[in-house]
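> Would you be able to build a 3D model of this:
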Amino acid sequence: MDRKTSNPPDNTVPNNTVKDPADWATGEESMTGAQASYLKTLCEEAGEPFDETLSKADASRRIDELQEKTGRGRDH
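Residues are numbered from 1 along each chain as shown. Below you'll find the model as predicted:
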């Protein structure tokens with residue numbers, strides 16, 4: 001029986017799965033429904049106002065800020 005071996009990840013290769021929201025091609029579009037729902041939850045937990053007019057990129061940045069504040073979605 002042949003067994004495939006797995007190689008450890010090559011940390012020298014850039015990771016394209018995480019882009020700065022400022023570099024998103026669609027970053028200026030309205031935030032997605034999923035972003036709005038999660039952002040609303042985070043805002044409620046943090047006691048901060050929810051801004052329904054944010055773009056995708058701005059919503060992503062706000063989610064990051066509120067995750068830091070609430071401790072949600074992050075490994076500490």
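
> how near is the nearest residue to residue 43 once chain neighbours are set aside to residue 20?
With sequence-adjacent residues excluded and distances taken as CB to CB, 6 or more residues apart in numbering, residue 43 is closest to residue 50, at 4.2 Å. The C-beta positions use only the backbone N, C-alpha and C, and glycine is treated the same way. Look at residue 50 and residue 20: by CB to CB, to the nearest Å, they are 23 Å apart.

> try residue 48
Counting by CB to CB, the gap from residue 48 to residue 20 is 23 Å.

> higher neighbour count, the two?
The neighbour comparison of residue 48 against residue 20 (other CB atoms under 10 Å) goes to residue 48, with 15 against 10.

> Just say helix, strand or coil for that one.
coil (DSSP: H, G, I helix; E, B strand; the rest coil).

> Contacts only, for the residue nearest to residue 43.
39-40, 43-44 (CB atoms under 8 Å, 6 or more residues apart in numbering).

> Can you check those residues and name whichever has the most neighbours?
Ranking the contacts of residue 50 using other CB under 10 Å puts residue 39 first, with 22 neighbours.

> Verify the stated contact: it with residue 64.
No - the pair residue 39 and residue 64 fails to qualify as a contact (CB atoms under 8 Å) at a distance of 10.6 Å.

> what about residue 62, how many residues close to it?
Around residue 62 there are 20 residues (other CB under 10 Å).

> Can you classify it by secondary structure?
Quick answer, by three-state DSSP: residue 62 is helix.

> How about residue 51?
Residue 51 ends up coil, using three-state DSSP.

> Just list what the helix or strand where residue 42 lies packs against, helices and strands only.
Using DSSP states H and E, residue 42 falls within helix 33-46. In terms of contacts (3 or more CB pairs under 8 Å, 6 or more residues apart in numbering; DSSP states H and E), helix 33-46 is packed against helix 56-70.
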